[in-house]
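A.B. asks: Provided below for reference: sequence and predicted model.
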Amino acid sequence: MAIKQTYKKRGSTLTLSALLLVLIALVVAIIFWPVEATATDSSVPTAQDDIEATTLIHAGDMAPDFTVEMLDGSKVTLSELRGKVVLVGFWATWCPPCRQELSHMQKDVIDRFAGKELVVLPISRGEKRQTVEEYIAKMGYTFPIGLDGDQSIYKKYATNYIPRSFVVGRDGKVVYVAVGYDEQIAKEIDEAISEALK
């Protein structure tokens, strides 16, 4: 009987010690745990802040001039397109929203604005000619595609994120900028082009 009593006391002491250690650990964790930033904390960068920080050209800015080599070997210089509205779009074959945008390019932009003074200029960012050629052939696209293998053109407009679309007005000024692609952005691009063509 006495042995059992001693054993019980030891068990209680061990249990109490274990609970005390857990409690101390919890208190230490609560005191020293880094506080999670909330969405209302304006000092914490958001995804939108990051997109803004990587966007070099905004609506109202003059579109930086460039000459891009097209898949067919021809060259297009942006400044030579003054008087027309230009849709400049940076994309890559590995980028799902870019592929989505390209799949809608013919019907939703090129065909829709056929006969208008609009130049659609999708530019592949950072990819080899062969990669782009194979993708375009596989998809059966027939519209012109520009190549920016070293990203020198892209870097005039942004430092990160694709797809990026820039609607350039007749005077060479950017009238609309989009990052990403979805139905809402497609609608906004359409509206920006329509307005710029007036």
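C.D. replies: Right, received. Where do you want to start?
A.B. asks: What score does the closest residue to V175 other than its chain neighbours have for pLDDT?
C.D. replies: Of all residues not flanking V175 in the chain, G169 sits nearest, at 4.7 Å (C-beta to C-beta, 6 or more residues apart in numbering). For every residue, glycine as well, the C-beta is placed using N, CA and C. In this model, G169 is scored at 98, pLDDT.
A.B. asks: For stretch 112-128, measure first residue to last.
C.D. replies: Stretch 112-128 has an end-to-end distance of 30 Å (C-alpha to C-alpha, to the nearest Å).
A.B. asks: Report the secondary structure state of the residue sitting nearest the centre point of the chain.
C.D. replies: For the chain, the residue sitting closest to the mean C-alpha position, by C-alpha atoms, centre = their mean, is Y161 at 3.6 Å. Under the three-state scheme (DSSP: H, G, I helix; E, B strand; the rest coil), Y161 adopts coil.
A.B. asks: Cross-check the contact I'm expecting between it and A178.
C.D. replies: No: in this structure Y161 lies outside contact range of A178 using C-beta atoms under 8 Å: 10.6 Å.
A.B. asks: Give the residues shared as contacts by the two.
C.D. replies: Common neighbours of Y161 and A178 are not found (criterion: C-beta atoms under 8 Å, 6 or more residues apart in numbering).
A.B. asks: who's in contact with the residue nearest to the centre of the chain?
C.D. replies: Y161 makes contact with I51, T54, V179, G180, according to C-beta under 8 Å, 6+ apart.
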